[in-house]
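Undergrad: Show me the folded form of this:
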Amino acid sequence: MKQTFFASAVAISAMTSAMTTAASANEFAPAMEHYLQSNIRNWAHSEVLIAAINDQNTTTAAYDQAMIDALDTQWRAEVGLSTTPTITPVLSNAAAEFLRNQVESSEGQITEVFVMDLHGLNVAASSVTSDFWQGDEAKFTQTFGVSPDAYHLGDIELDESSGHYQGQISMTITDPATGQAIGAMTVGVNAETLM
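TA: Okay, here's the model as predicted:
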């Protein structure tokens, strides 16, 4: 009897936790969407970002999946090392500096920003990401290639490194000169600041 009660309590606790997580994500969606429309869209198509994405697209257009996977593996192996020939160019370009300025000027609302090329490879980032290729994740698959105005609101999750709850707002990046989708951008937002 005790074992059945314990198993039932664990099942109810897991179900409640899952429902709370889903509710939290839905609860923040309007605030995340408002932040996207009122803040992020104001600078998302800045010349420095468009130029950086277009430049990288010229380089990576012919990359096949094997090349993308090799670069992603190399990036992951470099995380935390002192010599980072794959990571450094993504963090030390004019677009990355622009992204860091957006993080700073947000006064704690933005935790990270990175932009991706037509494959979902990082072009510029405000800080190191865990991987180089985002092309198989919703932040890319639900934006780039869906439509020029597509955006994706990620779940609110606890970021263990900062101890804050945050969500990711991702959107397609289009070249204003052509109207064509050229990449995507993800902005990490401190959910506590959206309340």
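Undergrad: C-alpha from now on. contacts and neighbour counts both.
TA: OK.
Undergrad: for the chain, which spans come out with low pLDDT?
TA: The chain contains residues with pLDDT under 70 at 1-26, 161-162.
Undergrad: Which stretches in it count as strands?
TA: 110-116, 122-125, 151-153, 157-159, 164-174, 181-190 (DSSP state E).
Undergrad: okay if I get these as CSV plus mean neighbour count and distance to residue 38?
TA: Output for the strands of the chain, formatted as CSV (neighbours: other CA atoms under 10 Å; distance: least, CA to CA, whole Å):
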stretch, mean neighbour count, distance to residue 38
strand 110-116, 25, 14
strand 122-125, 28, 22
strand 151-153, 22, 14
strand 157-159, 14, 23
strand 164-174, 24, 13
strand 181-190, 25, 14
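Undergrad: out of those, nearest to residue 41?
TA: Across those, residue 41 has its closest neighbour in strand 164-174 (9.1 Å, CA to CA).
Undergrad: Who are the packing partners of that closest one?
TA: helix 138-141, strand 151-153, strand 157-159, strand 181-190 (3 or more CA pairs under 8 Å, 6 or more residues apart in numbering; DSSP states H and E).
Undergrad: Kindly recompute the last result at 10 Å.
TA: Strand 164-174 is packed against helix 2-35, helix 47-60, strand 110-116, helix 138-141, strand 151-153, strand 157-159, strand 181-190, with contacts defined by 3 or more CA pairs under 10 Å, 6 or more residues apart in numbering; DSSP states H and E.
Undergrad: May I see the buried residues of the fourth one?
TA: When you say that, I think you mean helix 138-141. Across helix 138-141, burial judged by 16 or more other CA atoms under 10 Å covers 139-141.
Undergrad: which other residues reach it?
TA: Identification of contacts with helix 138-141 by CA atoms under 10 Å, 6 or more residues apart in numbering yields 116-121, 133-135, 144, 146, 151-154, 168-172, 183-187.
Undergrad: I'd like the distance from that helix to the chain centre, please.
TA: 9 Å (CA atoms, centre = their mean, to the nearest Å).
Undergrad: Can you give me every residue that contacts residue 41?
TA: 35, 171, 173.
Undergrad: between these, which is closest to residue 103?
TA: For the contacts of residue 41, the residue nearest residue 103 by CA to CA is residue 35; the value is 13.8 Å.
Undergrad: okay, now that closest one: neighbour count?
TA: 16 (other CA atoms under 10 Å).
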